[in-house]
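K.L.:
quick one: sequence and predicted model below, then my questions.
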Amino acid sequence: MTEHRARLHGVMGEFETPEQLLSAAKKTREAGYKRVDAYTPFPVEGLAEAIGTRRSWVPLITLVGGLGGGLSGFGLQYWVAAITYPQNIGGRSLNSWPAFIPVTFELTVLGASIFAVVGMLALNKLPQPYHPVFTVDRFARASTDRFFLCIEARDPKFNLAETARFLQGLNAQHVSEVKDEE
Amino acid sequence: MSTAEPPINSTVLPRPEPLIGPGHTYASVTDKIASVVLTRPLGLGWLAGFTVTFAFTMLLLVAITWLFTKGVGIWGINIPIGWGFAIVNFVWWIGIGHAGTLISAILFLLNQKWRTSINRFAEAMTLFAVACAGIFPLIHTGRPWMAYYMFPYPSTMGIWPQFRSPLIWDVFAVSTYGTVSLLFWFIGLLPDLATLRDRAKNRLQAVIYGMLSMGWRNSARHWHNYESAYLLLAGLATPLVLSVHTVVSFDFSIAIVPGWHTTIFPPYFVAGAIYSGFAMVLTLTIPLRKAYGLEDFITMRHLDTMAKVMLSTGLIVAYGYFIEFFMAYYSGNKFDVFLAEQRLHGPYSHFYYALILCNILSPQLLWFSRVRRNVPALFILSLIINTGMWLERFVIIIISLTRDFVPSAWGRYSATFWDYATLAGTILGLFSMLVFLFVRGLPAIAIAEMRELVHEGHARKEPS
């Protein structure tokens, strides 16, 4: 049984419209499945919630990046202009903070943007060139015009025959096993 | 449970005209856009265009090599005109580079759906324009191999950049803008690269697009984080795009040179940047939609809307020109008054009149819907406006520097062959060559977003 699970990633069903997929995803959650993923050619509203995704961490990561960028940007300028390389120009204040705002602003945006993108990729575990779902031939249409729902084998409620029947009961077409070839 | 972000993409407003031609499905928009990259053979037009632009890129390299060999003396600059073509071109290019992020970020936040079919292309254009812009301050430094002095790094000499100088702000603004534009462009491309990977016709395409798409698999969990990141980047890029030309205008307005030292510069530079950016988007999309039959995606409504944006930003620019004169006389500062008169009657006044003709008078034609919906007329107007914006930078830099305070320090400026070669090498060379490569190498229209538009269009037809 455990060996079987290691080779099987899950069962995947195909839908023609995002509405069908969305209602199927909701029913799958209601039926008690927890390890579910959906694949769509464009973001479908409410789908992430329907398969049990929590709030994204991206905004918090972005905030951290922005604060880090801004504080280090201002800190660098203060340290350079007031501490390590002070220049007395007619007795003007060394900590001339208004002049430091443009660079502080730019570095805030830079830090936040880099963190947003890298954070998004990291949360999605990308780059990841191989994934079991790619072994399904029809899955290429997930980037064109088909909507897929995959119930994964690591779900405690998963049973190959029963889960496949369950997906067919949701009017999924082309229900297929997803094998992990790795 | 649904405590996620407000549904930015969900509002469907009634539209006077559809954004996509009739009869399109998820598959047809995907096929149409992806086929330009994946299956279409290289036509004679593309090859000819690429050859010419490649030749001009070589001219740029020759011009830069000669410059590095002989020094900036091969250009027309000489004291008191130290800035010349290099800075005119820099400001012009960076201005053009504003439209992409404006379309992608600000119009995204404002929920302007028409941005979808032009944003990818405009973002690419932005990157190429910023790349061209970045060359000029670098090669203009005279000793470009020491340009890294402008970055704060712990050197053994113990010296640091002067953070109170607008020129250092410029370094940070332009490099941040380039980086953020690249990130924004790349994450927008990610799902489309996956689309190309899935539709690849041969092993080479599959490997290249597979690597670039990083294994994106259209998972709802991926989209969830993706949409959050995209929205945040749009929010971050919005103040950024307004800040870049503001900082560039500080290069001028913080100096005391007459004609530069004015508070109108930041907003007027930003408006001018958007103006020229949209003009460049039109210059490029009009041939593109024709050549690849994309009229169903880049419709007359898109061209019409872009023309309206040009008209309104053009009016802001016209207001800026008026205020420059008004403030010169209202302030009573004799140097400012003198400069205003130099613009009208001085040795470079023909540039000023050409500027008024290109930037203020000719765009007034855009008030007429007949002109906005006439594709050749729009194309010609976009070229005129691009020329006008270049003249604006020329007027600001050259007229102010040739006639500032003391007549004994006045001078004259005329560009040399190498000035023109460098300019042509960026416009007809590097920039256009990158556009040619981009059109055949990456999807010029955001495919996933187009599918979303198709979806929303379907939702509209169904009775609710």
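P.N.:
Perfect, thanks for sending it. Residues are numbered from 1 along each chain as shown, chains lettered A, B, ... in the order given.

K.L.:
going forward, measure contacts between C-alpha atoms and count neighbours the same way
P.N.:
OK.

K.L.:
show me what contacts B:Tyr275?
P.N.:
B:Val309, B:Met310, B:Thr313, B:Gly314, B:Ile385 (C-alpha atoms under 8 Å, 6 or more residues apart in numbering or on different chains).

K.L.:
how does it look with 7 Å?
P.N.:
B:Met310, B:Thr313, B:Gly314 (C-alpha atoms under 7 Å, 6 or more residues apart in numbering or on different chains).

K.L.:
same thing with B:Ile118?
P.N.:
Shown in contact with B:Ile118 (C-alpha under 7 Å, 6+ apart): B:Ile445.

K.L.:
phi first, then psi, for it.
P.N.:
Backbone geometry at B:Ile118, expressed as degrees, to the nearest 10, gives phi -120, psi -10.

K.L.:
rewinding a little: just the buried ones from the contacts of B:Tyr275, in PyMOL syntax?
P.N.:
Burial among the contacts of B:Tyr275 is assessed by 16 or more other C-alpha atoms under 10 Å in any protein chain shown; the matching PyMOL selection reads:
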select buried, chain B and resi 310+313+314
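
K.L.:
near chain B, which residues of chain A are found?
P.N.:
Applying C-alpha under 7 Å from any C-alpha of the partner chain, we find that chain A lies next to chain B at A:37-43, A:47-49, A:53, A:55-56, A:58, A:77, A:80, A:85, A:99-100, A:102-103, A:106, A:109-110, A:113, A:116-117, A:120, A:124, A:126-130, A:140, A:142-145.

K.L.:
and residue 174, what element?
P.N.:
As the question left the chain open, I've gone with chain A. Here A:His174, judged by DSSP states H and E, is contained in strand A:173-179.

K.L.:
sorry, I should have been clearer: chain B.
P.N.:
helix B:166-198.

K.L.:
and that helix, what does it pack against?
P.N.:
When contacts are defined as 3 or more C-alpha pairs under 7 Å, 6 or more residues apart in numbering or on different chains; DSSP states H and E, helix B:166-198 packs onto helix A:101-123, helix B:116-140, helix B:203-213, helix B:220-253, helix B:447-461.

K.L.:
look up how far B:Ile77 lies from the closest residue to B:Asn78 other than its chain neighbours.
P.N.:
Spatially, and ignoring its direct neighbours in sequence, B:Asn78 is nearest to B:Tyr413 (7.8 Å; C-alpha to C-alpha, 6 or more residues apart in numbering or on different chains). In this structure, B:Tyr413 and B:Ile77 are 7 Å apart, going by C-alpha to C-alpha, to the nearest Å.

K.L.:
identify the residue nearest the geometric centre of the chain.
P.N.:
No chain was given, so I picked chain A. For chain A, the residue nearest the mean C-alpha position is A:Asn124 (3.7 Å; C-alpha atoms, centre = their mean).

K.L.:
other chain: chain B
P.N.:
Short answer for chain B (C-alpha atoms, centre = their mean): B:Gly97, at 2.0 Å.

K.L.:
check that residue and give its pLDDT.
P.N.:
B:Gly97 is assigned a pLDDT of 91 by the prediction.

K.L.:
what's the answer for B:Leu38, then?
P.N.:
pLDDT at B:Leu38 comes out at 89.

K.L.:
residues contacting it?
P.N.:
B:Ala200, B:Lys201.

K.L.:
quick one: it and B:Ala206, what's the gap?
P.N.:
Taking C-alpha to C-alpha, one finds B:Leu38 at 10 Å from B:Ala206.

K.L.:
shared neighbours, these two?
P.N.:
The contact lists of B:Leu38 and B:Ala206 share B:Ala200, where a contact means C-alpha under 7 Å, 6+ apart.

K.L.:
can you get me a residue count around the residue in the stretch 351-464 of chain B that chain A sits nearest to?
P.N.:
Across the stretch 351-464 of chain B, the shortest distance to chain A (C-alpha to the nearest C-alpha) belongs to B:Ala448, at 5.4 Å. Residues lying near B:Ala448 (other C-alpha atoms under 10 Å in any protein chain shown) number 25.

K.L.:
again with B:Phe265
P.N.:
So B:Phe265, with other C-alpha under 10 Å, has 23 neighbours.

K.L.:
now it: how far from chain A?
P.N.:
16 Å (C-alpha to the nearest C-alpha, to the nearest Å).

K.L.:
wait, that residue sits on B:Ser249?
P.N.:
Yes: shown here, B:Phe265 and B:Ser249 form a contact pair, counting by C-alpha atoms under 7 Å, at 5.8 Å.

K.L.:
any regions of the stretch 151-300 of chain B where pLDDT drops low?
P.N.:
For the stretch 151-300 of chain B, applying pLDDT under 70 flags no range at all.

K.L.:
ok, back up a step: tell me the contacts of the residue nearest to B:Asn78?
P.N.:
B:Gly76, B:Ile77, B:Ile81.

K.L.:
make JSON lines from those and add distance to B:Ala409 and pLDDT to it.
P.N.:
Formatted as JSON lines, the contacts of B:Tyr413 follow (distance: C-alpha to C-alpha, whole Å; pLDDT from 0 to 100):
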{"residue": "B:Gly76", "distance to B:Ala409": "17", "pLDDT": "93"}
{"residue": "B:Ile77", "distance to B:Ala409": "14", "pLDDT": "93"}
{"residue": "B:Ile81", "distance to B:Ala409": "10", "pLDDT": "92"}
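
K.L.:
mind putting the residues you listed into CSV with secondary structure?
P.N.:
Shown next, in CSV, are the contacts of B:Tyr413 (DSSP: H, G, I helix; E, B strand; the rest coil):
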residue, secondary structure
B:Gly76, coil
B:Ile77, coil
B:Ile81, strand
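
K.L.:
on that earlier part again, check the offset of the helix holding B:Val174 from the chain's centre.
P.N.:
13 Å (C-alpha atoms, centre = their mean, to the nearest Å).

K.L.:
repeat for stretch A:163-174
P.N.:
26 Å.

K.L.:
in it, what's buried?
P.N.:
In terms of neighbour count (16+ other C-alpha under 10 Å), stretch A:163-174 has its buried residues at A:Thr163, A:Ala164, A:Phe166, A:Leu167, A:Leu170, A:Asn171, A:Ala172.

K.L.:
tell me the SS of the fourth one?
P.N.:
Three-state call for A:Leu167 (three-state DSSP): helix.

K.L.:
for B:Tyr420, see how far away it is.
P.N.:
Taking C-alpha to C-alpha, one finds A:Leu167 at 67 Å from B:Tyr420.

K.L.:
can you name the residues in contact with stretch A:18-27?
P.N.:
Applying C-alpha under 7 Å, 6+ apart, the contact partners of stretch A:18-27 are A:Phe15, A:Val44, A:Leu47, A:Ala50, A:Ile51, A:Phe147, A:Leu170.

K.L.:
closest to chain B among those?
P.N.:
Nearest member of those to chain B, counting by C-alpha to the nearest C-alpha, is A:Leu47, at 6.5 Å.

K.L.:
does the residue nearest to the closest one when sequence neighbours are not counted sit in a helix, a strand or a coil?
P.N.:
Sequence neighbours aside, A:Leu22 is the residue nearest to A:Leu47 in space, at 5.9 Å (criterion: C-alpha to C-alpha, 6+ apart). Following three-state DSSP, we place A:Leu22 in the helix state.
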